[in-house]
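Visitor: Predicted coordinates and the sequence they were generated for:
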Amino acid sequence: MDTKESKTPEEQKEHIIGERVPEDFETSKPHLQPEAKKSPSKMYKLLPLVILILGVILVSFIVLGIINRGN
């Protein structure tokens, strides 16, 4: 384990370049990671339903507002 606190300018440059290089698919193997194997939660299926309900509520407020303004 490297316990050095400070890095030489060359080491800092190599570290920054290493951080900027994108991860390679072959070396990362996301299909072998446990998070990738886990099925997503079922909450994402509720999102369209929630959007639809909020849209209906919003449209009803607008329509009722227009109707009440006419009286």
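Guide: Here it is on my side, so go on. Residues are numbered from 1 along each chain as shown.
Visitor: Against Leu54, how distant is Ile67?
Guide: According to C-beta to C-beta, to the nearest Å, Ile67 and Leu54 sit 20 Å apart. Bear in mind the C-beta positions are built from the backbone N, C-alpha and C, glycine included.
Visitor: again, but for Lys29
Guide: Note on Lys29: its distance to Leu54, by C-beta to C-beta, is 40 Å.
Visitor: any weak-confidence spans in this protein?
Guide: Applying pLDDT under 70 to the chain flags the ranges 1-5, 21-28, 30-31, 35-40, 70-71.
Visitor: Can you check which helix is longest in it?
Guide: The residue-count maximum for a helix in the chain (DSSP state H) belongs to helix 47-70.
Visitor: For the closest residue in space to Lys7 that isn't next to it in sequence, pull up the helix or strand it's in.
Guide: Spatial nearest neighbour of Lys7, excluding adjacent residues (C-beta to C-beta, 6 or more residues apart in numbering): His15 at 6.7 Å. Assigned by DSSP states H and E, His15 falls within helix 9-20.
Visitor: Does anything pack onto that helix? Which helices or strands?
Guide: The criterion is 3 or more C-beta pairs under 8 Å, 6 or more residues apart in numbering; DSSP states H and E, and there are no helices or strands that helix 9-20 contacts.
Visitor: Could I get the contacting residues of Ile53?
Guide: Going by C-beta atoms under 8 Å, 6 or more residues apart in numbering, Ile53 touches no other residue.
Visitor: roughly how far apart are it and Leu47?
Guide: As judged by C-beta to C-beta, Ile53 and Leu47 stand 11 Å apart.
Visitor: Check Ser41 too.
Guide: Ser41 is 11 Å from Leu47, where distance means C-beta to C-beta.
Visitor: what's the neighbour count on Ile16?
Guide: Each residue near Ile16 was counted by other C-beta atoms under 10 Å, and the total is 9.
Visitor: Residues contacting the helix holding His15, please?
Guide: With C-beta under 8 Å, 6+ apart as the criterion, helix 9-20 contacts Lys7.
Visitor: Having no further points to raise, I will conclude here.
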